[in-house]
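# got a structure for you, letters missing:
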């Protein structure tokens, strides 16, 4: 018979621990080949299309689009191999293996699995038979349900092999308070939770799952149950009157959340009758990664900011002259980046990072220049590798490539990591100045405001010039104000008189 193999969300690298399903590329029942792309996921760094290392028929998918899964959680199951009419205890090994390598997935053929027999009696919590139960026996918790009924989302068809063995279920004693068919006090027994997301949500919010009663089949605890417990703790509300009516009609059952104060810490201090306020938006994906990184920067880096106004009229004229000469267009961002790399060569203290464990400042030889880009998915910082070795044309081309990849969500984790200095052109938002937060673990960030006509004293006379505000936020551990001021002054001089750059070209 065919083997049913479980494909789990692989480690996508760069320390990522979770990913959100954006789009399924296959349906249940589809035939997939080895290394065929089966799902598109969004990590905290990029959109990734994930290949399946098995070839066969898709028998189940785990998670709808928009669901966030941790690394190692099941993505889908695939029935591999031709039907076997023999009576051997094990299936033959398939010859198919993956050649498309993700972390944790190589090219080895799938291991043989023992044949599993579909139970015909009762099921344990979670929809599988308790280990060791006879073929025709029903467990007390499942006695009231039809034989062979599963409780996993997208229940498996009768006779289809299951890839994972079940854990034994607890039996509620006659003296226990039973709610929804599950013992209210579970002691040291298993908690009826299948989803690792539910467990994590409960753990992060201090919810004791042993005190919750699930609304799913056979008392399965769902994400909605944990979220309701959190809302109830925040507002002091109990179950609706409809639950009370159900409790009246079934004396053996009680409201799942009647004792909510024992489930969520601090719930007893909330006044009754409070109304919920605001909308809670999960911090996950790109937004969660940005929140974590900026919070860490604020905690660890003692930053300071200095700024200066500069006359950018000659820089704008130089750019127009470059583009009028023919060839690839030169972007303003590329010119500013070229100025940055020249300034970092003069002030290398700002192209560094701090190793607090070793209590050392690490000055870096290469300049990997990050630039802030606002996309529909949020703020991302693509990195131009070896920016110090590129000219204005090369920088323009790389900025264009990375910007388009950011816009379409095709940036790879390698495109978003390893920066040593960041250029932030917030002038595109129509603002003059800012005090940006340093992109940890870097040591500095140059901010560029909008370039607008302003009154300016030029050659002793008042004139209308193109003026820009430049700001430098720096880590005060790597240098003092004199170094930061010298860097910013050199940048401003190059903006005002681009010919200054000719000394270092």
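Alright, I've got the coordinates. Here the structure is a predicted model, which means the values were calculated and not measured. Numbering: from 1, shown residues only.
# which residues of the stretch 251-400 of the chain score low on pLDDT?
251-276 (pLDDT under 70).
# if you set the cut-off to 80 instead, what comes out?
251-277, 284-287, 376-379 (pLDDT under 80).
# for the stretch 101-250 of the chain, same thing?
In the stretch 101-250 of the chain, residues with pLDDT under 80: 101-200, 210, 216-220, 223, 232-250.
# now the helices for the stretch 401-505 of the chain?
481-496 (DSSP state H, counting those that start in this stretch).
# can you list the weak-confidence ranges in it?
Short version for the stretch 401-505 of the chain, where the test is pLDDT under 80: 502-505.
# one more time with 50
Within the stretch 401-505 of the chain, not a single segment meets pLDDT under 50.
# burial count for residue 40?
Counted with other Cβ atoms under 10 Å, the neighbours of residue 40 add up to 18. Heads up, the C-betas are built off the backbone N, CA and C, glycines and all.
# helix, strand or coil for it?
Three-state call for residue 40 (DSSP: H, G, I helix; E, B strand; the rest coil): strand.
# state the distance from it to residue 32.
15 Å (Cβ to Cβ, to the nearest Å).
# swap in residue 290?
35 Å.
# residue 490 now?
Counting by Cβ to Cβ - residue 490 and residue 32 are separated by 57 Å.
# okay, those two: which has more neighbours?
Ranked by neighbour count (other Cβ under 10 Å), residue 490 and residue 32 place residue 32 first, with 20 against 17.
# which phi and psi does the more buried one have?
Taking degrees, to the nearest 10, you get phi -120, psi 150 for the backbone angles of residue 32.
# residues contacting it?
26, 38, 52, 54-58, 78 (Cβ atoms under 8 Å, 6 or more residues apart in numbering).
# tell me the buried residues in stretch 341-358?
Judged by neighbour count using 16 or more other Cβ atoms under 10 Å, the buried positions of stretch 341-358 are 341-344, 347, 349-354.
# repeat that for stretch 48-64.
Neighbour-count burial for stretch 48-64 [16+ other Cβ under 10 Å]: 48, 50-56, 58-63.
# and which of these is nearest to residue 386?
Closest approach between those and residue 386, by Cβ to Cβ: residue 48, at 24.8 Å.
# after the strand or helix carrying the closest one, which helix or strand is next?
Per DSSP states H and E: residue 48 is located in strand 47-51. The helix or strand immediately downstream of strand 47-51 is strand 56-61, counting by DSSP H and E.
# could you tell me which strands sit next to that next one in the sheet, and their orientation?
strand 31-32 (antiparallel), strand 74-80 (antiparallel) (DSSP bridges).
# hmm, residue 76 is touching residue 53, no?
No - judged on Cβ atoms under 8 Å, residue 76 makes no contact with residue 53 at a distance of 11.5 Å.
# mind listing the shared neighbours of these two?
In contact with both residue 76 and residue 53: residue 7, using Cβ under 8 Å, 6+ apart.
# in stretch 321-340, what counts as buried?
Buried residues in stretch 321-340 (16+ other Cβ under 10 Å): 322, 330-340.
# cool, stretch 373-387 as well?
For stretch 373-387, using 16+ other Cβ under 10 Å, the buried residues are 373, 377, 379-384, 387.
# nearest to residue 363, of the residues you listed?
For those, the nearest to residue 363 is residue 387 (16.4 Å; Cβ to Cβ).
# spatially nearest residue to that closest one, not counting backbone neighbours?
Once flanking residues are discounted, residue 387 sits nearest to residue 369: 3.8 Å by Cβ to Cβ, 6 or more residues apart in numbering.
# for that neighbour, give me phi and psi.
According to degrees, to the nearest 10, residue 369 has phi -90, psi 120.
# for the helix or strand containing residue 7, name the packing helices and strands.
Secondary-structure assignment from DSSP H and E places residue 7 in strand 3-8. Packing partners of strand 3-8 (3 or more Cβ pairs under 8 Å, 6 or more residues apart in numbering; DSSP states H and E): strand 74-80.
# quick one: work out the angle between the strand it packs on and strand 3-8.
160 degrees (axes from the mean of the first three to the mean of the last three Cα atoms, to 10 degrees).
# in JSON lines: the buried residues of stretch 321-340, plus distance to residue 422 and secondary structure.
Below are the buried residues of stretch 321-340 laid out as JSON lines (distance: Cβ to Cβ, whole Å; DSSP: H, G, I helix; E, B strand; the rest coil):
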{"residue": "322", "distance to residue 422": "25", "secondary structure": "helix"}
{"residue": "330", "distance to residue 422": "21", "secondary structure": "coil"}
{"residue": "331", "distance to residue 422": "17", "secondary structure": "coil"}
{"residue": "332", "distance to residue 422": "17", "secondary structure": "helix"}
{"residue": "333", "distance to residue 422": "12", "secondary structure": "helix"}
{"residue": "334", "distance to residue 422": "15", "secondary structure": "helix"}
{"residue": "335", "distance to residue 422": "17", "secondary structure": "helix"}
{"residue": "336", "distance to residue 422": "12", "secondary structure": "helix"}
{"residue": "337", "distance to residue 422": "11", "secondary structure": "helix"}
{"residue": "338", "distance to residue 422": "16", "secondary structure": "helix"}
{"residue": "339", "distance to residue 422": "14", "secondary structure": "helix"}
{"residue": "340", "distance to residue 422": "9", "secondary structure": "helix"}
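# my read: residue 285 touches residue 20, true?
Yes - counting by Cβ under 8 Å, residue 285 touches residue 20, with 5.6 Å between them.
# who touches both of those two?
42-43, 68.
# of those, closest to residue 391?
Closest to residue 391, out of all of the shared contacts of residue 285 and residue 20 and judged by Cβ to Cβ, is residue 43, at 33.3 Å.
# and the closest one, how many neighbours?
Residue 43, neighbours per other Cβ under 10 Å, totals 21.
# that one touches residue 413, doesn't it?
Yes - contact status for residue 43 versus residue 413: in contact at 7.3 Å, counting by Cβ under 8 Å.
# can you name every helix or strand that the longest strand anywhere in the chain contacts?
Determined from DSSP state E, the single longest strand within the chain is strand 461-475. On a contact count with 3+ Cβ pairs under 8 Å, 6+ apart, strand 461-475 meets strand 303-311, helix 313-324, strand 444-448, strand 452-458, helix 481-496.
# that one: partners in the sheet, and parallel or antiparallel?
By DSSP bridges, strand 461-475 pairs with strand 303-311 (antiparallel), strand 444-448 (antiparallel), strand 452-458 (antiparallel).
# most tightly packed of those strands?
Stretch with highest mean neighbour count among those: strand 444-448 (a mean of 26; mean count of other Cβ atoms under 10 Å).
# next, the angle helix 481-496 makes with that strand.
Going by the same axes, to 10 degrees, strand 444-448 makes 30 degrees with helix 481-496.
# just checking, residue 364 touches residue 353?
Yes - between residue 364 and residue 353 there is a contact under Cβ under 8 Å: 7.0 Å.
# got any residues that touch both of those two?
With Cβ under 8 Å, 6+ apart as the test, residue 364 and residue 353 both reach residue 420.
# returning to that earlier point: of the buried residues of stretch 341-358, closest to residue 457?
Among the buried residues of stretch 341-358, and counting by Cβ to Cβ, the member closest to residue 457 is residue 343, at 25.0 Å.
# after the helix or strand the closest one falls within, next one along is what?
Using DSSP H and E, residue 343 maps to helix 332-346. Using DSSP H and E, the helix or strand that follows helix 332-346 in sequence is strand 352-355.
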